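Q: have a look at this prediction, sequence included:
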2 protein chains.
Amino acid sequence: MLSKTAEYALRAVVCLASFPGESFSGEILAEKTQVPRSYLHRVLQDLVQGGLVHSRPGPGGGYEFSRVADQVTILDVVNAVHPLERIRQCPLGLPDHVTLCPLHQELDRAYAATETAFREVKLSDMIGVPGASVPLCDVSPRDIPPSDASVSK
Amino acid sequence: MLSKTAEYALRAVVCLASFPGESFSGEILAEKTQVPRSYLHRVLQDLVQGGLVHSRPGPGGGYEFSRVADQVTILDVVNAVHPLERIRQCPLGLPDHVTLCPLHQELDRAYAATETAFREVKLSDMIGVPGASVPLCDVSPRDIPPSDASVSK
């Protein structure tokens, strides 16, 4: 139900937030998140614009998580690239639907519940969970030496 | 967050279920639901296929709700045209992610909550609610005489 853009953004941010202080090239990030390179580039631009990711050009640069993992929620990431829609007024523009009809009330109630669920989960809740697999990685973070992970864009 | 196809299907089914025993032409249904005619045609085909709508050709025919409103949920309608996705296995196909990583666990938890919310709302809960506006209609059902509403496809 999440847009592909939002899912890709979450992959990228969770991946970067798993390695605080490390930069990744777009190429490596695309490989790790399995997102098409050109698609990921657009997503990263929105994440940079939204202040979640820092982009550093040149050797040793790349993309880096620019926030603190326990202060960023799933909702923050989703809203940076493809904001969750809510139904504020009749989508059909019907003149006497000054309040939502029961159908759109119910749909919006489900959207609100999703919004709340995403607001309650911080990135730090998903990183370094004991016994859980590492998001988006088939190896442990400690298996990737910084010299391999940090490359220029 | 719901796909456009699912939203359009809900509009069509709620509209038809509001007039049990009445048939509507595709043209009138497209007008009432404000869904492009060709798009609605494809959605209606899926709804017929899913057993929610009956299609009767010829004069006096049209599309008609074929179930009972208190036995059909939002989820039934959504799943007939664009099933809600759940995350059953790692979307990246990572070999050591035999269980979902925390990111995909959280996303799936939100999807499950939406699924539950949609399963709990019957069409009858949205039709004829006292004091509420009629879904998708800017006039009350009683203002549309059957002779105007029932037309052939």
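A: Yep, that arrived.
Q: show me where pLDDT drops low in chain A?
A: A:134, A:136-153 (pLDDT under 70).
Q: select the longest helix from it.
A: Longest helix in chain A, counting residues (DSSP state H): helix A:102-119.
Q: how about that helix as CSV, C-alpha atoms only?
A: Only the C-alpha atoms of helix A:102-119 are listed here, as CSV (Å, rounded to 0.1, in the frame of the first residue of the first chain):
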residue,chain,number,x,y,z
PRO,A,102,-19.4,7.5,5.3
LEU,A,103,-17.3,5.8,2.6
HIS,A,104,-14.6,8.4,2.7
GLN,A,105,-14.8,8.7,6.4
GLU,A,106,-14.0,5.0,6.7
LEU,A,107,-11.1,5.2,4.2
ASP,A,108,-9.7,8.2,6.0
ARG,A,109,-9.9,6.4,9.3
ALA,A,110,-7.8,3.6,7.9
TYR,A,111,-5.3,6.2,6.5
ALA,A,112,-5.1,7.9,9.9
ALA,A,113,-4.4,4.6,11.6
THR,A,114,-1.5,3.9,9.2
GLU,A,115,-0.2,7.5,9.8
THR,A,116,-0.2,6.8,13.5
ALA,A,117,1.5,3.5,13.1
PHE,A,118,4.2,5.0,11.0
ARG,A,119,4.6,7.9,13.5
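Q: beyond that helix, next helix or strand please.
A: helix A:123-126 (DSSP states H and E).
Q: how about that following helix: buried residues?
A: A:123, A:125, A:126 (16 or more other C-beta atoms under 10 Å in any protein chain shown). All C-beta atoms are positioned from the backbone trio N, CA, C, and that covers glycine.
Q: roughly how far does residue A:117 sit from chain B?
A: 4 Å (C-beta to the nearest C-beta, to the nearest Å).
Q: leaving out sequence neighbours, find the closest residue to that residue.
A: In this structure, residue A:117 finds its nearest non-sequential neighbour in residue B:110, 4.3 Å apart by C-beta to C-beta, 6 or more residues apart in numbering or on different chains.
Q: contact partners of the longest helix of chain A?
A: Helix A:102-119 has contacts (C-beta atoms under 8 Å, 6 or more residues apart in numbering or on different chains) with A:1, A:73-75, A:78, A:84-87, A:90-91, A:100, B:1-2, B:7, B:10-11, B:14, B:74, B:106, B:109-110, B:113-114, B:117-118, B:121, B:125-127, B:129, B:132, B:135-136.
Q: narrow these to just the buried residues.
A: Buried by 16+ other C-beta under 10 Å: A:1, A:73-75, A:78, A:84, A:87, A:90-91, A:100, B:1-2, B:7, B:10-11, B:14, B:74, B:106, B:110, B:114, B:117-118, B:121, B:125-127, B:132, B:135-136, out of those.
Q: the spatially most distant residue from the centre of chain A sits in which helix or strand?
A: The centre of chain A is farthest from one residue, residue A:96, which by C-alpha atoms, centre = their mean lies 38.4 Å away. If you go by DSSP H and E, residue A:96 is not part of any helix or strand.
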